[in-house]
Structure formats: structure tokens, C-alpha cells
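Chemist: For reference, the sequence and a predicted model appear below.
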Amino acid sequence: MSGAAATSPRAARRAARLQATAERIAGLTLPTVPAWLTPLRKAALDRLASVGYPDKRDEYWRYTDPDRLVSADVRPAEVFKITDEPPMYQGIDRLKLIWVDGVFSAEDSDPLAGEGLEITRLADSADIHWAADLYGTLEARGQKPVARPLAALNSALATDGVLIRVTGKVSRPVSLIYRRAGTDASVTMHHVIKIEEGGELTLLENGAVAARSSMVIEVEVGDHGTFHHVRTMGRDHERKASTHLFARLGKGSKLKSFTLSMNGRLVRNEAMIWLGGEGGTAHLAGAAMGDGMFHHDDTVFITHEAPGCESRQVFKKVLRDGAIGVFQGKILVEQAAQLTDGYQKSQSLLLDERCQFLAKPELEIYADDVKCSHGSTSGEINEDQLFYLRARGVPEQEAKMLLVLAFLAETLDEIEREDIAQDMRLRLRRWLERHS
Amino acid sequence: MLEINNLHVKLATEDKQILKGLSLSVEAGSVHAIMGPNGSGKSTLSYVLSGRDGYEVTDGTATLEGESLLDMEPEERAAHGLFLAFQYPVEIPGVGNMTFLRTAVNAQRKARGEAELSSGDFLKLVRAKAKDLKIDADMLKRPVNVGFSGGEKKRNEILQMAMLEPRMCILDETDSGLDVDAMKLVADGVNALRSEGRSFLVITHYQRLLDHIKPDFVHIMAGGRIIKTGGPELALEVEQNGYADILAEVQA
Ligand SMILES: Nc1ncnc2c1ncn2[C@@H]1O[C@H](COP(=O)(O)OP(=O)(O)OP(=O)(O)O)[C@@H](O)[C@H]1O
Ligand SMILES: [Mg+2]
């Protein structure tokens, strides 16, 4: 039997892929700092070697071509200077950490300190035991049931990032600001966050990072801990980005993550969340808007391992001028996870006929006492609503803008802080004004 | 105020003629009622006048204070003082009723070259008018018409009318779905707006609304045309005998 299997086209393809992966891995040079990371990098490479580079035929790569995220050559992307709107999060007190082409800039940043916080830059960290216990572990865990080769590659190659240990309720957000300098940089960053029992952290990210970027965040949220995450991905039209958020939640802990993406050529945002302790909640939301060559992919996996947890996914995309949106979302409820409350909604608003929304919503449930719902729709602006607004004197463009913002409103509701949500609303409004 | 002359309208996508030579003249300060069997084209008339897509005017004219309505965008018609209280008000999740009202009021003011209302003035105004119509603060906060009962939706239409102060108000079956008390509220709301410079076209199936809002003229519409015009007594006649006699009389 094994002889027959080895010659089946599928097995042959797999063998060829692993062979090609081995060759590419042989050509890679691993960074040498920090020293404590070396064995973890090697282990990550082994994971990549065992699953292989992603392929268009993979179940979760059918809608998004992985080649552009892993090809040896990086297409340059013009650095986009934003002159027509105020900088992000203006007026919000926060600890600013600035990265230029993926390299930490100490002179531009605030000191790496804060009450209830231990912050270290990955690239010059000494032997940090708590991070050594965590780096790559959630990524490794996330290789099943679906391989995440880009994340394994990231764990092996990451050159910088931040290690944050949260020991108290930190009210001042940590703000990661990614600036670009070069037009052709390919950047790999990896952040590790550990929230101790009862700790609280708000993490903000903004900026386009690089022409091509891979960003992994691993978050361990201890019992009764809270992690709020708000990310905006910059407006650079040509950039390509792949991100992974891995998070494991303890008993009674909370996670909220919101992402705003505008423009860009290719974005793949993956999230893997494990609700591992009773009574945890995880809310993931995304608002994406783009036109033309914009290809935006949200791939979300939420695993309910413990009973009485709640998860919510709300992803919305506004597409125009031939843009493509992808949503792949799964709620997996394990046998022990009774009384699970799972909700998933993915919608897109197609502003013209050339746009496409490809959705793959999934439920996989092994417990018997659960409440799970999912819905995926794509549609155009509702003509009756548009006419109603216009009949009241609201000009067509403004009426459309109101309706688009109304469509996205449910995602913004997932942002914990109203001042930050307000900032997002401003961005959305400006985008719509520019593109109307 | 409103002059409709020989209006012919068909559906844009089908070869179906709905209005077949409708003429109507509404003078400033007057109240006209239109009654007529289901499907006679009353709502179509209101939609065509307010500029909804999906219809094609094949002949005839419609002017508001001398200006041709049919060439204007819906929002321009509104800014010129035309208002339609919808037979079926639309729900708009995600848009707050208050935001909607303020956007509409200010858009019209802007189109007419007037200054926008400050949020303080706007709030005061909307609260006072909402109170008259027994619309509570919660309904103002909620998304437009979402989860409103049938009667609440109709009262919300009248609130919009009161805020926008249009000169030509078309009410399409605003009375249907209203309980007796709500009908009185709505009628009071309309009567409060009656003035020399403002006209009403009230589409209804029931005489009862016309007890509260006294019309100057009652028109009977059938088959896409006004087939008979009279005073308030015509509504009573319809209430008692239905349309059969009138239809027979016209056909004879
Ligand atoms: N968009 C449309 N598509 C198909 N038919 C339509 C459309 N709009 C109107 N009609 C048809 O035109 C005719 C007139 O409809 P309209 O809604 O104007 O009647 P109405 O007088 O308001 O009736 P009701 O008293 O029931 O409200 C009906 O036969 C209706 O089915
Ligand atoms: Mg009707």
C-alpha cells in the first residue's frame, strides 16, 4: 500500500513540495541574535520543513496566492506619505515604540518602561526565560489542524520585535508604529506578549511596515487577564503583508482585536485563538476597504477548548473597482466546551460588479450544548435605503457614505475605547471621501 | 404649488404603463386627498414625483412652484420643498435616527444656501417636535426605523416632515397601521403644519383620517388617472359605497 501511495499524484506533489522547501531552507541564513533564540529558530525551521511552503492547492490558500508573500524577489512598493489626514491616535496618551523598516529606533521611541510592564526589544534581549518559554510555542500549536508555514518561517527569521510581560492593569496603551524608509524592504517581525493573571494591556499597531512584511504576535493571556488590540495597516498601495495573531486565553480572560485595512496590494491576516479556560471571551473584528488590485484575506480560527466561553467574529469589507475580499473563518468547539456561545459574521459590500467576495465560513462542533451561528453575505448598496436618504435631501455621495459607514459600524463596536473608535471612524470617512 | 399635467409613466424595465395621463393641480395652502383602489397607481405617483428610479416618464409634466420636478435629483426635489411620507418607511441599520435627521436638515439648509443648525439648536428643536408626536428619546437614539412598530414608523415620518418643514407634503397612507390615538397625533402634527404657503397631498383609503385633516378636494384615482374630483363628501361616498358606482359612472 505504501508503495502505491508514494506514486499517487498527491503524494508525489507533496514529496516535490517538501523537496523544494528543503532546498529553500538550505539557502536561508538564520539571524544570530539574540543567542537564546537560535534553538527556537531551528525548531521553527523544522516545522516549516515538515509542512512545506504554502501552495495554491492548500485548502486555505485557494483564494489567495501565497507566492507573492514568499517569492525570493520582493517587488518594491512606493513609500506612501500621508499628508491629507492627521497621524493616527493623536491625542491618545500611549507608550510609543517606533520601528523603521522593521528595526527598532530607540531615539524616536519612548523609554522601554512603564508601570506593570516589562518591555524588551527582541533583537537585544538577553536570556529572557519567560519569552523563551513562549516564543514559537503558540505558533507551533497553531500548525494543527491547519499548517501555518508563513508563521513558522517568521519564527525562524524574525529580526526584531518586542517582548512584553504585563504584571498589572496597564491603562496606557503600548503603541507600535511601523515606519517605512526603503522601497524594497522585506521585514519579518515577531512579538511575544505575556499577560499575567489579572493583567491588562492595550496594544496599538499602525503603519505599513515594509514593501513586504510578515508579522507574528503570540499572546498568552493569563486567568482574568485582558488583551485589547487595535491595528491599522497603513495606506501604502503596493505593500504586501502577512500577519498572524496567536492567542491563548485563560479562565475568565478577555481578548478584543480589531483591524482596519485600507488599500495595499495583498493582505493576509490570520488569527488563531484558543479559549482554554472557563468563561473566556474573544472578539475579533476587521474592517477592510480597498479598490483595484486590493486583495484582502482574513483567515480566522477560533477553538473553544473550555466550557462557557464566548467568541465573536465580525469581518466586513468594502470593495470597489475589482477588489477581492476573502474570509475564511472557523469556530471549532471541542467536546469539553459545553455552553459555548459562538458567533461569526462576514459581509462585504460590493460597490461595483467587478469585485469579488470569497467566503468560507465553517463550524465544527463536538460538544452538544452549544449556541453557534454564522452568516456570510455580500451585496450592493441598498437602493431603497439610498432613495430614502436622498428623498430627505441628503446628496447621493453623502448618502452612500452614511450607508457604507453604517455597514461597517458593527466592526467598530468591537473597539473597547471610544476615542480610538472615533479615530477609526475619521479614517473611514476620509477614505470614502477620497474615493467617492 | 404642484402642477401635474397629462403624466404618463411606465416601468423602466417592463412595458407596463402605470400612470396614464394624470393631471392634478394643487394650489398653495390647500389639502388634496387621493383615494383609489389598490394598484391604481397612487404610490407610483408619489415615487415619480419624488424621483425614485425604476420609472420612465413617457409623456407629461410635473412642476413645483413653476420648476420642472422631473429633471431634478431626489435630493434637489427635497431641497425645493417636496416631501414624501413613505407608505413603507425603510429601515436603515447602523444609521442613528438623530444623525439621519440632522444630516437631512443640514443638507437641505446647505442646498438652499442657509447656515447649518448648531447641534444645540437642532437638539432643542428635535426634542420639542418629538414630544408633540410622543416619540421618546430612545426612538431618536435607535437606528432609523429599525425595530419600530408600524405606527412608530409612521410617526417618525411625520417627525421628519416637521423638522424639514417642506412646502409640498405628500402623505402616502400615513394613516394605515395607526391606532386611533396615533391617528389623532399624526393628524395634529399635520394640522400644526398647515399654512398658507404649504400644501398637502394625502393618499388614503379611509375617510377617518380626513375627519381630522379636512381636505379641500378629494380625488378618485383609478387605472393611473384621476377619474373624479369633488369635495370632502366624495370621501364619505367612497366609504359607504366603495368604488363600484364611481367606476361605472365614469365608464358609462
Ligand atoms: N417596480 C414595480 N414593479 C412591478 N410592478 C410595479 C412596480 N411599481 C408599481 N407596480 C405596479 O403598478 C401598479 C400600481 O402600484 P402602486 O403601488 O402605485 O399602487 P397603489 O395605488 O399605491 O396601491 P395600494 O393602494 O395598494 O398602495 C400595481 O399594479 C403595481 O403592482
Ligand atoms: Mg400605495
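Modeler: Arrived safely, thanks for sending. Owing to the predicted nature of the structure, the values given are computational and were not obtained by experimental measurement. Numbering: from 1, shown residues only, chains lettered A, B, ... in the order given. Ligands and ions are numbered 1, 2, ... in the order given.

Chemist: from here on, contacts and neighbour counts on C-alpha atoms
Modeler: OK.

Chemist: what bits of the chain have low per-residue confidence?
Modeler: With no chain named, the answer covers chain A. Filtered on pLDDT under 70, chain A yields the residue ranges A:1-6, A:436.

Chemist: was after chain B, sorry
Modeler: B:252.

Chemist: what about the residue in the stretch 301-436 of chain A positioned nearest to ligand 1, is that helix, strand or coil?
Modeler: Of the residues in the stretch 301-436 of chain A, the one nearest ligand 1 is A:Asp384, at a distance of 11.5 Å by CA to the nearest ligand atom. For A:Asp384, the assignment made with DSSP: H, G, I helix; E, B strand; the rest coil gives helix.

Chemist: How about the contacts made by it?
Modeler: A:Asp384 sits next to B:Val90 when contact means CA atoms under 8 Å, 6 or more residues apart in numbering or on different chains.

Chemist: quick one: it and A:Gln347, what's the gap?
Modeler: 19 Å (CA to CA, to the nearest Å).

Chemist: For residue 30, which non-adjacent residue is closest in space?
Modeler: Answering for chain A, as no chain was given. A:Leu157 (5.9 Å; CA to CA, 6 or more residues apart in numbering or on different chains).

Chemist: my bad, the chain I had in mind was chain B
Modeler: B:Ser199 (5.0 Å).

Chemist: If that neighbour is in a bridge, with which residues?
Modeler: Counting by DSSP bridges, B:Ser199 forms beta bridges with B:Met168.

Chemist: Would you map the helices across the chain?
Modeler: Using chain A here. A:2-7, A:9-26, A:38-51, A:67-70, A:129-132, A:137-141, A:149-157, A:383-391, A:396-412, A:418-434 (DSSP state H).

Chemist: Wait, chain B was what I had in mind.
Modeler: Secondary structure of chain B (DSSP H): helices at B:42-50, B:74-79, B:97-111, B:119-132, B:137-141, B:150-164, B:180-193, B:207-212, B:233-241, B:244-251.

Chemist: And the ones you listed: which comes nearest chain A?
Modeler: Chain A lies closest, by CA to the nearest CA, to one member of these: helix B:74-79, at 4.0 Å.

Chemist: The residue nearest to A:Leu30 touches A:Pro34, doesn't it?
Modeler: No - taking contacts as CA atoms under 8 Å, A:Leu157 lies outside contact range of A:Pro34: 11.6 Å.

Chemist: Which one's more surrounded, those two?
Modeler: Counted by other CA atoms under 10 Å in any protein chain shown, A:Leu157 and A:Pro34 do not tie: A:Leu157 has more neighbours, with 23 against 16.

Chemist: What residues does that one make contact with?
Modeler: A:30-31, A:41, A:188.

Chemist: Likewise for B:Val105?
Modeler: Contacts of B:Val105 by CA under 8 Å, 6+ apart are A:393, B:163-164.

Chemist: what's the offset of stretch A:77-84 from the middle of its chain?
Modeler: In terms of CA atoms, centre = their mean, to the nearest Å, the centre of stretch A:77-84 is found 22 Å from the chain centre.

Chemist: Get me the contact residues on chain B for ligand 1.
Modeler: B:18, B:37-44 (CA under 6 Å from any ligand atom).

Chemist: Give the buried subset of the residues you listed as a PyMOL selection command.
Modeler: Buried members of those, defined by 16 or more other CA atoms under 10 Å in any protein chain shown, are picked up in PyMOL with:
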select buried, chain B and resi 18+40+41+42+43+44
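
Chemist: TSV for the residues of chain B next to ligand 1, including distance to chain A?
Modeler: Shown next, in TSV, are the residues of chain B next to ligand 1 (distance: CA to the nearest CA, whole Å):
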residue	distance to chain A
B:Ile18	20
B:Pro37	25
B:Asn38	21
B:Gly39	20
B:Ser40	22
B:Gly41	19
B:Lys42	17
B:Ser43	14
B:Thr44	14
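
Chemist: Quickly list what the residue nearest the centre of chain A is bridged to.
Modeler: Centroid-nearest residue in chain A, with CA atoms, centre = their mean: A:Asn269, separated by 3.8 Å. Beta-bridge partners recorded for A:Asn269 (DSSP bridges): A:Thr243, A:Asp298.

Chemist: pretty sure it is touching A:Lys240, no?
Modeler: No - A:Asn269 is not in contact with A:Lys240 according to CA under 8 Å; the separation is 11.0 Å.

Chemist: how about the strands of the stretch 101-250 of chain A, start to end?
Modeler: A:103-104, A:117-121, A:162-166, A:174-179, A:186-195, A:200-206, A:212-221, A:226-232, A:240-249 (DSSP state E, counting those that start in this stretch).

Chemist: which residues sit against the shortest one?
Modeler: Yep, that's strand A:103-104 we're talking about. By CA under 8 Å, 6+ apart, the residues outside strand A:103-104 that reach it are A:97-98, A:121, A:159-161.

Chemist: ok, 10 Å please
Modeler: A:97-98, A:121-123, A:159-162, A:176-180, A:187-189, A:209 (CA atoms under 10 Å, 6 or more residues apart in numbering or on different chains).

Chemist: And for the second one?
Modeler: Defining contact as CA under 10 Å, 6+ apart, one finds that strand A:117-121 is touched by A:97, A:103-104, A:106, A:111-113, A:125-126, A:128, A:160-170, A:174, A:191-195, A:199-201.
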